[in-house]
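Engineer: Predicted model, plus sequence, below.
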Amino acid sequence: MSENIHLHFENITKIYRGGSADGSADVKALDDVSLSVPHGQFLAVMGSSGSGKSTLLHVASGLTKASSGNVQIGETRLSSLSDRQLTHFRRQNIGIVFQAFNLIPTLTAEENILLPILAGGTPSCGKAKMAEAMDQILHRLQLTDRRKHYPDALSGGEQQRVAIARALFTDFLDENSRNSLLFADEPTGNLDTANSEIICRLLRELCDERKHTMVVVTHEPAMARWADRVIVLKDGRIFRDMSAEEFRSARNQEV
Ligand SMILES: Nc1ncnc2c1ncn2[C@@H]1O[C@H](COP(=O)(O)OP(=O)(O)OP(=O)(O)O)[C@@H](O)[C@H]1O
Ligand SMILES: [Mg+2]
């Protein structure tokens, strides 16, 4: 595999056994999907409800095991890892932003951001380094004056930015790290246009400045316009695979 490929799907099929509404039939959520995402690419994943978008993110992050095929992240084949190794690998290498932000209501913004790293035991980097990284990420996400707030005192856009900060914090701890992989499932799903734009711009800047690789599920063409590449899933298969230019001109023709 080329060194520049960050995420590689090789003939991935995912079948949910007895996954149909009445439990009598299997559901093929991903059907022989092959996909290579280079380092630093911002990939938008589109497609109608039930087309397999969330399943693709879950399989890519090792939260769900593929029924067949291989997922490789950098040099690592996810299927070669034990569950424990996989959890560790995910913590070190992948940030995930779920649609429901999953913030803990009894923890402040700052504490929520620190949660995954503290869950992995005491970090080796020391308190000063942690505080510096925290200041940096809060500033970057325009959350500095919200750091002590609890989730119920944050707007939807702010909660979403906390969820993104949590996903990226490990990466900010290590200034040499420039190859983080971020998965986000409809990160602007419930937000108004202004807040969506803040998130899109931020993801774009992180891709450009820090060479993050992003795989972002979205229903919104306005968000996909920020991406380098757009794939459209249909019935668990890649139905279209477009560069940003192709996506924009396809949209313009539709209007
Ligand atoms: N845990 C599960 N058990 C059984 N079937 C599932 C499970 N998760 C997803 N499915 C089914 O797999 C298919 C793909 O689901 P998925 O959640 O990936 O779709 P999606 O494209 O993310 O849809 P949406 O836009 O509504 O979020 C659907 O038919 C869904 O019902
Ligand atoms: Mg989904």
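Structural biologist: Ah, there it is. Numbers count the residues shown, from 1 in each chain. Ligands and ions are numbered 1, 2, ... in the order given.
Engineer: Quick check: the gap between the closest residue to I12 other than its chain neighbours and S196.
Structural biologist: Distance criterion C-beta to C-beta, 6 or more residues apart in numbering; nearest residue to I12, sequence neighbours excluded, is G69 at 3.8 Å. C-beta coordinates here come from the backbone N, C-alpha and C atoms, glycine included. Distance of G69 to S196, given as C-beta to C-beta, to the nearest Å: 33 Å.
Engineer: Give the buried residues for stretch 9-25.
Structural biologist: Residues F9, E10, I12, T13, K14, I15 are the ones in stretch 9-25 that count as buried (16 or more other C-beta atoms under 10 Å).
Engineer: from memory the fifth one sits against L63, does it?
Structural biologist: In other words, K14. No: using C-beta atoms under 8 Å, K14 makes no contact with L63, being 11.6 Å away.
Engineer: From the contact counts, what lies against whichever strand or helix holds L56?
Structural biologist: Taking DSSP states H and E as the definition, L56 sits inside helix 53-60. Here helix 53-60 touches strand 5-16, strand 27-38, strand 42-47, strand 68-73, strand 181-185, strand 213-217, going by 3 or more C-beta pairs under 8 Å, 6 or more residues apart in numbering; DSSP states H and E.
Engineer: Export those strands as a markdown table, with columns for distance to ligand 1 and mean pLDDT.
Structural biologist: Converted to a markdown table, the helices and strands packed on helix 53-60 look like this (distance: least, C-beta to the nearest ligand atom, whole Å; pLDDT from 0 to 100):
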| stretch | distance to ligand 1 | mean pLDDT |
| --- | --- | --- |
| strand 5-16 | 3 | 96 |
| strand 27-38 | 3 | 96 |
| strand 42-47 | 6 | 96 |
| strand 68-73 | 15 | 96 |
| strand 181-185 | 7 | 92 |
| strand 213-217 | 7 | 94 |
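Engineer: can you redo these as a markdown table with distance to R248?
Structural biologist: Below are those laid out as a markdown table (distance: least, C-beta to C-beta, whole Å):
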| stretch | distance to R248 |
| --- | --- |
| strand 5-16 | 24 |
| strand 27-38 | 20 |
| strand 42-47 | 12 |
| strand 68-73 | 29 |
| strand 181-185 | 21 |
| strand 213-217 | 17 |
